[in-house]
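K.L.:
Provide a 3D model corresponding to the input given below.
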Amino acid sequence: MQEGKVVELLKKESEEFRRLIEEHRNLEGLLAKIDSKRYLTPDEEFERKRIQKQKLLKKDRMAELIREYKKGHTT
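P.N.:
Below is the predicted model:
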């Protein structure tokens, strides 16, 4: 099954997947806001790194859910 189809199914069937997508988008917005600044303070740079890590964790979990779905629905 194609990944795009799996993503659409998970959006419909999985509350966790929908929550992860929403949190990932929110983090993306925060990161864009920070990146729009010309210079970052050390605190802002630290926050930027923290957001990037959180975003990556969300993306990794979404990828894991996609793999699990594919594994469980392959015959």
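K.L.:
can you point me to the longest helix in the protein?
P.N.:
Looking across the chain with DSSP state H, the single longest helix is helix 42-72.
K.L.:
packing partners of that one?
P.N.:
Other elements packing on helix 42-72 under the criterion 3 or more CB pairs under 8 Å, 6 or more residues apart in numbering; DSSP states H and E are helix 3-13, helix 15-35. Yep, even glycine has a C-beta here, placed from its N, CA and C like the rest.
K.L.:
try 6 Å this time
P.N.:
helix 15-35 (3 or more CB pairs under 6 Å, 6 or more residues apart in numbering; DSSP states H and E).
K.L.:
between the helix it packs on and helix 42-72, how many degrees?
P.N.:
Helix 15-35 runs at 150 degrees relative to helix 42-72, counting by axes from the mean of the first three to the mean of the last three CA atoms, to 10 degrees.
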